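J.: What follows is a predicted protein model with its sequence.
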Amino acid sequence: MNKSKETVIFYAGENPSFTSYFILQPDQQLGVAILANMNTSYTTSIGQGVMDLCCSFIFVWLLPFL
């Protein structure tokens, strides 16, 4: 994740039949939510990975072309 001093809000939740993870960076107006209908820790890894991609220079440069 981005190591700057920007505000980051995140939460991971689970119960026996589903997991969820969300992460927000209000300063960048970015947010990611991952929901899974199984009990797995992958939701956190996927959410953080997607946020890393969204914050990367290459993705920001390509975004206008998508």
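T.: It's in.
J.: And the strands in the protein?
T.: For the chain, the strands defined by DSSP state E cover 9-15, 18-25, 30-36.
J.: what's the spatially most central residue of the chain in contact with, if anything?
T.: With distances taken as C-alpha atoms, centre = their mean, Gly47 lies nearest the centre of the chain, 3.5 Å away. Counting by C-beta atoms under 8 Å, 6 or more residues apart in numbering, Gly47 touches Phe10, Tyr21, Phe22, Ile23, Val32, Ala33, Ile34. From N, CA and C alone the C-beta is placed, and that goes for glycine too.
J.: Next up, the contacts around Leu24.
T.: Counting by C-beta under 8 Å, 6+ apart, Leu24 makes contact with Val8, Ile9, Phe10, Leu30, Gly31.
J.: got a markdown table for these, with neighbour count, pLDDT and distance to Met51 too?
T.: Formatted as a markdown table, the contacts of Leu24 follow (neighbours: other C-beta atoms under 10 Å; pLDDT from 0 to 100; distance: C-beta to C-beta, whole Å):
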| residue | neighbour count | pLDDT | distance to Met51 |
| --- | --- | --- | --- |
| Val8 | 16 | 88 | 9 |
| Ile9 | 10 | 91 | 11 |
| Phe10 | 16 | 92 | 9 |
| Leu30 | 16 | 86 | 7 |
| Gly31 | 14 | 90 | 9 |
